[in-house]
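Visitor: I would like to see how this sequence folds:
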Amino acid sequence: MKTRKLLSMILSVFCLSAMAQVTQNTDGSITLLQSNATEKTGGPCDSGDHVGCWTSDAGYVLWDVNITTAGTYNVFFDYETGNTGTFKITDNGTENFYAFTNVNSEKLLGEIDLTAGNHQLKLERTTNNPGGWDVIDLYKIQLFPKDQEIAQLSDGSVYLGVGFASLDNLIYGKEGSGYERRLVIEKWTDDVTAKATWKVNVTSPGTFRLLSEYVSPGNSGTFKVKINDGTEQSFSHPGGVWGLETKELGTIDLVSGENTIEITHDGEWVSPSKFSLIPSFVAQDANGVVTATADKAQVSGGICVSGTGSSSVIGCWGNGSDEVKFNIQISDVSISSFMLSILYGTFDAGTLNVNVEKESSPVIYNFDYTATGSYDTYVQKDLGKITINSTGNYTITLTRTGGGAVNLKNMILTPSINTSIDFINDGATLLSEKYFTLQGVEISEPVFGIYIVKRIYDNGTVTIDKKIVKK
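Guide: Alright, predicted model coming up:
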């Protein structure tokens, strides 16, 4: 009996330690879901994509949360109910109250102060009419740092999440269903002077493509954008958009340092979930690699783009003639041969047609790709080498021949070093020759031993060889 009790205690401790602690997202926000709750007691239960079965004021839901950035957070509740009442979140003994109504939406109900470190957030509820329909379905709670300045990402992108906006005469709402429920800004139709404002810290200034993910079932409309109290710019967008879709609006310029971005609308029905600022060109990193995620693409036809950064996906690519374009910037051509790879998913094999163009001088490549098993089974595949032997801005256009629809998550260009075995000199002139030890240390002149020699030619070719120097 003692052994069984001890085993039960060990299993209990193991299960608690195995619970995933909720951590802050990269943008500083926190998302509390039924799937990452530590405990549900006294009624609330897992109901697919939300906490359900919550038919009485007894019980609670508990989350273990780690906070790295202390501060005040705006608290958004995404719920459905036919009642009114109050949510209570207890944070390590401190009680916070949030009144709710029976208008089902996603709502900013209040604030919470969180210190750095570990927290147990306990959610309880009371309803004003316990004899009536008091069921609550809770889809998620989102915490956004209040008045936070949005930082530019390492790839130069800036994402204006609506949870970070300061709203004047606007409200928050939701679009979508299930796991795809998204926080949006609503009520643009009520007041053409209503505005949303973000503060952005820019470390790499320049020209940015402006995109919006939004719903607009009615007529086309116009977003109006003002940067740092400058001249207002107008960007039209199509209507007839019944589900959240990302559309390209135009370009804006941001300066170094703090930028204030104000967005108003002409009053047509529109509900944006985010605005994205994407550098006009994807640049090489320190190793000469170009990584273009799906949200950096310009698309045509029926192609759609969803998500941000490494989570973004190009979908709806059923028509092979529809185009996916990436604008890239090459600053280093010491190695002019690049391996082209893509991260993709598809049921069918086909051919990717690649048009590399600089100043109306296109070079076309054709690469075959294989089936991955499904649209959601992604494989990073090296397709073949392309040549870029001068610096500057390039447009790489992708189309398809054969096969069915494809989902695409990225396109990567990696410098590809030729060896002397497959390098044909073709009369090229040697510009430099450097020697390195096997540990990568450059030396002025090789002596006895094995060395790596790097040669650079005037046609842009680089060769890497192993050389044995005898006594």
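Visitor: so where's this structure shaky on pLDDT?
Guide: Along the chain, segments meeting pLDDT under 70 span 1-19, 104-106, 129-134, 177-180, 190, 417-427, 438-440, 448, 450, 466-471.
Visitor: From the centroid of it, which residue is nearest?
Guide: For the chain, the residue nearest the mean C-alpha position is T308 (2.3 Å; CA atoms, centre = their mean).
Visitor: There's contact between that residue and S276 in this structure, I believe.
Guide: Yes - here T308 lies in contact with S276, judged by CB atoms under 8 Å, at a distance of 6.6 Å. C-beta here means a position set from N, CA and C on the backbone, and glycine is covered the same way.
Visitor: Quickly list what's touching both of those two.
Guide: Taking CB atoms under 8 Å, 6 or more residues apart in numbering as the contact rule, T308 and S276 both touch 157, 159, 295.
Visitor: Pull out the buried members of these.
Guide: Taking 16 or more other CB atoms under 10 Å as the criterion, what is buried in the shared contacts of T308 and S276 is 157, 159, 295.
Visitor: hey, where'd the strands end up in the stretch 301-450 of the chain?
Guide: If you assign secondary structure with DSSP state E, counting those that start in this stretch, the strands in the stretch 301-450 of the chain sit at 304-306, 313-317, 324-330, 337-346, 350-357, 362-369, 379-387, 392-401, 406-415, 430-436, 442-443, 449-457.
Visitor: Make JSON lines from those and add distance to S220 and mean neighbour count to it.
Guide: Supplementary listing: those in JSON lines, determined by distance: least, CB to CB, whole Å; neighbours: other CB atoms under 10 Å:
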{"stretch": "strand 304-306", "distance to S220": "18", "mean neighbour count": "20"}
{"stretch": "strand 313-317", "distance to S220": "21", "mean neighbour count": "22"}
{"stretch": "strand 324-330", "distance to S220": "23", "mean neighbour count": "19"}
{"stretch": "strand 337-346", "distance to S220": "33", "mean neighbour count": "21"}
{"stretch": "strand 350-357", "distance to S220": "31", "mean neighbour count": "18"}
{"stretch": "strand 362-369", "distance to S220": "33", "mean neighbour count": "14"}
{"stretch": "strand 379-387", "distance to S220": "38", "mean neighbour count": "15"}
{"stretch": "strand 392-401", "distance to S220": "27", "mean neighbour count": "18"}
{"stretch": "strand 406-415", "distance to S220": "28", "mean neighbour count": "22"}
{"stretch": "strand 430-436", "distance to S220": "56", "mean neighbour count": "12"}
{"stretch": "strand 442-443", "distance to S220": "60", "mean neighbour count": "11"}
{"stretch": "strand 449-457", "distance to S220": "54", "mean neighbour count": "16"}
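Visitor: now for these, which one comes closest to L138?
Guide: The closest of these to L138 is strand 304-306. By CB to CB, the value is 24.8 Å.
Visitor: Next, count neighbours for the closest residue in space to V61 that isn't next to it in sequence.
Guide: Across the structure, with CB to CB, 6 or more residues apart in numbering as the measure, the residue nearest V61 apart from its sequence neighbours is L123 (4.6 Å). Close neighbours of L123, defined as other CB atoms under 10 Å, add up to 22.
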